[in-house]
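1. sharing a model prediction with you, sequence too.
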Amino acid sequence: MLEINEIFGPTIQGEGKFIGTSSIFIRFSRCNMRCEGFNVTYKTPKGQIKKSCDTYYAVDTVFKKQWKKMSSEEIIDEVSKLMPDYKADIVISGGEPLLNWEKEEFQKILKHYVKNDHRVTIETNASIDINFEKEYQKKLIFSMSVKLSNSLESLKKRVNINSLEKILQNTKESYFKFVINKSSIIETEKEIKEILKKLNSINNVPKAEVFLMPRGESNEEIENNSQATINMAIKNGFKYSDRLHIRIWDNKRGV
């Protein structure tokens, strides 16, 4: 069984390479990081105040009573009820969905949607080592949101060059998506360049598109970090990604 936080759509993909694309989201529970530096303040069911990322409800186990245990068949059936007459993209999100990579039930879901010609994107922090043993796995797209020091996670925990290398060597459309906060933009720019430099020094690792995304869980925060993020993208030849779902729905769940 798999722990699912929510399944919703069709909606638009709010960020990254396929922004604006009709998508159905399968959000998995649990994560190997907390990213308290993203400074999203929330209240637990018992009233405790904490800080984490904007999907804290899929990360913090204090919310596990809200999570559902589902089989691959149940997940596919739930998605089929939401699927429009056309083939919407499938977005596997979290939390950190790659915590489930070794599970047969997880692979059944990926195989089903790839074999049925859906574009499947896995949104991941790309810190977990995975192996590509099946051909359908190489058709997946990984949106690699590698965490920078502004997440307040340790370097050893958040940057796994071996994992990034494997993903880039085995897939064709995977890309980077970095979260930018203007208050630490000089430091994060150096970090991104260092990650790319290490990958470029490895033989047979293709270059991937780099998207920069402003940090924030509200319109106000997005607006506050947007200009600095855009300037950094222009300076380095990267691409800018807005966060349309927050612009439109202000981080409301299930849209």
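-> Nice, thanks for sending it over.

2. quick one: the strands in this protein?
-> Ranges of strands within the chain are 2-12, 22-28, 40-43, 49-52, 68-70, 89-93, 120-124, 141-144, 175-180, 210-214, 239-240, based on DSSP state E.

3. quick one: average confidence on the second one?
-> The average of the pLDDT scores along strand 22-28 is 98.

4. pull out the buried positions in that strand.
-> Residues of strand 22-28 classed as buried under the neighbour-count rule (16 or more other CB atoms under 10 Å) are Ser23, Ile24, Phe25, Ile26, Arg27, Phe28. Yep, even glycine has a C-beta here, placed from its N, CA and C like the rest.

5. isn't Ile26 up against Ile92?
-> Yes - at 5.4 Å, Ile26 and Ile92 qualify as touching, with contact defined as CB atoms under 8 Å.

6. shared neighbours, these two?
-> Taking CB atoms under 8 Å, 6 or more residues apart in numbering as the contact definition, Ile26 and Ile92 share the neighbouring residues Ile109.

7. show me the contact partners of stretch 180-196.
-> Against stretch 180-196 from outside (CB under 8 Å, 6+ apart): 146, 148-150, 159, 161, 164, 176, 178, 210, 212-215, 224-225, 227-229, 232, 236.

8. got a PyMOL select line for the buried ones in the residues you listed?
-> A single PyMOL command suffices to select whichever of the contacts of stretch 180-196 are buried according to 16+ other CB under 10 Å:
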select buried, resi 146+148+149+150+159+164+176+178+210+212+213+214+215+224+225+228+229+232
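
9. filter the contacts of stretch 180-196 down to just the ones in helices.
-> Judged by DSSP state H, helices contain the following of those: Ile161, Leu164, Asn224, Asn225, Gln227, Ala228, Thr229, Met232, Asn236.

10. tell me the one among those nearest to Ile76.
-> Closest to Ile76 out of the ones in helices among the contacts of stretch 180-196 is Leu164 (29.5 Å), distances taken as CB to CB.

11. any idea how far Thr171 is from the closest one?
-> The gap separating Leu164 from Thr171 is 11 Å, by CB to CB, to the nearest Å.

12. picking that back up, make TSV out of the strands of the chain and add distance to Ile202.
-> As requested, these are exported to TSV (distance: least, CB to CB, whole Å):
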stretch	distance to Ile202
strand 2-12	33
strand 22-28	29
strand 40-43	34
strand 49-52	32
strand 68-70	38
strand 89-93	26
strand 120-124	20
strand 141-144	15
strand 175-180	15
strand 210-214	17
strand 239-240	23
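
13. of those strands, which approaches Leu199 most closely?
-> Between these, strand 175-180 lies closest to Leu199; by CB to CB that is 9.6 Å.

14. pLDDT on that closest one, on average?
-> 96.

15. partners of it in the sheet?
-> Applying DSSP bridges to the sheet, strand 175-180 is found paired with strand 141-144 (parallel), strand 210-214 (parallel).

16. of all these, which one is nearest Ser71?
-> Ranking the strands paired with strand 175-180 by proximity to Ser71 (CB to CB) places strand 141-144 first, at 24.3 Å.

17. with that, I have no additional questions.
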